[in-house]
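A.B. asks: Need a 3D model of the following:
(chains A and B)
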2 protein chains.
Amino acid sequence: MKIEILRLSHRIQRDPRLSTHVALTARAFLASKLYYSGDKDSSLENSLNKVTKQFGGNFKIEYVKDPTKLIKEKKDYTIVHLTVYGETLPSTLTKLKKSKNLLIIVGGEKVPPEIFQLSDYNVSITSQPISEVSALAIFLHELHKGKELTKKFPKAKIQILPSKKGKKFKK
Amino acid sequence: MKIEILRLSHRIQRDPRLSTHVALTARAFLASKLYYSGDKDSSLENSLNKVTKQFGGNFKIEYVKDPTKLIKEKKDYTIVHLTVYGETLPSTLTKLKKSKNLLIIVGGEKVPPEIFQLSDYNVSITSQPISEVSALAIFLHELHKGKELTKKFPKAKIQILPSKKGKKFKK
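C.D. replies: Next up, the predicted model:
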């Protein structure tokens, strides 16, 4: 299954680090690519590409000017929009696991109604106000049945080794 | 089990929204309280208290000047520090589930070595650079075996109802 993420409405002024956390979460939870709309931000792209170069894998990040156009082009993808207003995860997960490819949309502050309509599934993680970062993590964690927790990334220059106290690496 | 969170080194200038996302995640994933150190921030506190008033539950947020002192005072708590350098979640979870009370520490940028030493467990979610927001969500999700996903909060003025498209509330 190919998993890609679309992060809507990135704003350099307001949430530079939040989008970085969305992107790091996407990578660590085995998505292959993050698209983002809103403000183009080379600093966001550079910091993610640096992490991928150091810690391995093939994660890509790409700016898109028109997210609606991207969604409409992804014809062989199941479109999942993570929103507090959506259906519960337990009620949708079994169906979603059968998808060939997934495009997972996470919003900024105000998501236009069109996104709800264009999505095959609107899914909520907890039906409480949370964070797009934690929503994305839980969704991907359940999708992978936790296998991302101990995944080794190919082509890593640095590998962090589990440790009781302190910091251990393999270079 | 009583679950409390300690968020280290909140900085108003740099990550106001990130701490909000940590706090919202703590609340939705059934922690009873968030302590935070660093900059005291009444706007962070107010926005969380507003969410709790609207969406229910008894979540508390409290500033602490000296996080080390707080950790040392929590004598009947198991102290868990979420860090990329820690042991894997699968290798620690069974033991942690037996705890009476948990204090879960999530860091800012630079966590002092003392925190690693004071913690009973240093635990990593994925051994990859991620986000304290997603690390906290996954940890609590696994601790609760997912029961937070469909949890109803007491005393809610607004309840969000799962919906295929659009936005449904009960007031």
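A.B. asks: Can you tell me the element A:V22 falls in?
C.D. replies: Per DSSP states H and E: A:V22 is located in helix A:16-28.
A.B. asks: could you give the mean pLDDT of the helix or strand just after that helix?
C.D. replies: Using DSSP H and E, the helix or strand that directly follows helix A:16-28 along the chain is strand A:33-38. Model confidence over strand A:33-38 averages 97 on the pLDDT scale.
A.B. asks: Moving C-terminal from strand A:33-38, which element do we reach first?
C.D. replies: helix A:42-55.
A.B. asks: quick one: buried residues of the helix or strand encompassing A:I115?
C.D. replies: For A:I115, the element it lies in under DSSP H and E is helix A:113-118. Going by neighbour count (16 or more other CB atoms under 10 Å in any protein chain shown), the buried part of helix A:113-118 is A:115-116, A:118. In this view, the C-beta of every residue, glycine as well, is placed from N, C-alpha and C.
A.B. asks: burial of the closest residue to A:L24 other than its chain neighbours, as a residue count?
C.D. replies: Distances taken as CB to CB, 6 or more residues apart in numbering or on different chains place B:I130 nearest to A:L24, at 5.1 Å, with adjacent residues excluded. If you count neighbours by other CB atoms under 10 Å in any protein chain shown, B:I130 ends up with 24.
A.B. asks: next one: phi and psi at B:I130?
C.D. replies: phi -130, psi -130 (degrees, to the nearest 10).
A.B. asks: Would you mind measuring from it to A:A28?
C.D. replies: 5 Å (CB to CB, to the nearest Å).
A.B. asks: Wasn't A:H81 part of a strand?
C.D. replies: Yes - assessed with DSSP: H, G, I helix; E, B strand; the rest coil, A:H81 lies in a strand.
A.B. asks: my guess is it meets A:F116, correct?
C.D. replies: Yes - between A:H81 and A:F116 there is a contact under CB atoms under 8 Å: 6.5 Å.
A.B. asks: Identify the contacts common to the two.
C.D. replies: A:N122 (CB atoms under 8 Å, 6 or more residues apart in numbering or on different chains).
A.B. asks: ok, back up a step: who's in contact with the helix holding A:V22?
C.D. replies: A:5, A:7, A:10, A:34, A:36, A:41, A:43-44, A:47-48, A:51-52, A:57, A:59, A:61, A:106, A:132-133, A:136-137, A:140, A:148, B:14-15, B:17-18, B:21, B:126, B:128-131, B:133-134.
A.B. asks: ok, back up a step: do the helix holding A:I115 and chain B meet at all?
C.D. replies: Yes - for helix A:113-118, a contact with chain B is found by CB under 8 Å from any CB of the partner chain, at A:113, A:116-117.
A.B. asks: One more: stretch A:137-157?
C.D. replies: Yes - shown here: stretch A:137-157 in contact with chain B (CB under 8 Å from any CB) through A:137-138, A:141-142, A:146, A:148-151, A:153.
A.B. asks: Pull out the buried residues from these.
C.D. replies: In the residues of stretch A:137-157 next to chain B, the ones that pass as buried (16+ other CB under 10 Å) are A:137-138, A:141-142, A:148-149, A:153.
A.B. asks: Name the nearest of the residues you listed relative to chain B.
C.D. replies: The nearest member of these to chain B, counting by CB to the nearest CB, is A:A137 at 3.4 Å.
A.B. asks: tell me the contacts of the closest residue to the closest one other than its chain neighbours?
C.D. replies: Excluding the flanking residues, the one nearest A:A137 by CB to CB, 6+ apart is B:S134, at 3.4 Å. By CB under 8 Å, 6+ apart, the contact list for B:S134 reads A:21, A:24-25, A:28-29, A:133-134, A:136-137, B:125.
A.B. asks: So what's the gap between stretch A:81-96 and the chain middle?
C.D. replies: 15 Å (CA atoms, centre = their mean, to the nearest Å).
A.B. asks: For that stretch, which residues meet the burial criterion?
C.D. replies: Here stretch A:81-96 shows A:81-87, A:89, A:92, A:96 as buried, counting by 16+ other CB under 10 Å.
A.B. asks: out of those, which touch chain B?
C.D. replies: Answer for the buried residues of stretch A:81-96 near chain B (CB under 8 Å from any CB): A:84-87, A:89.
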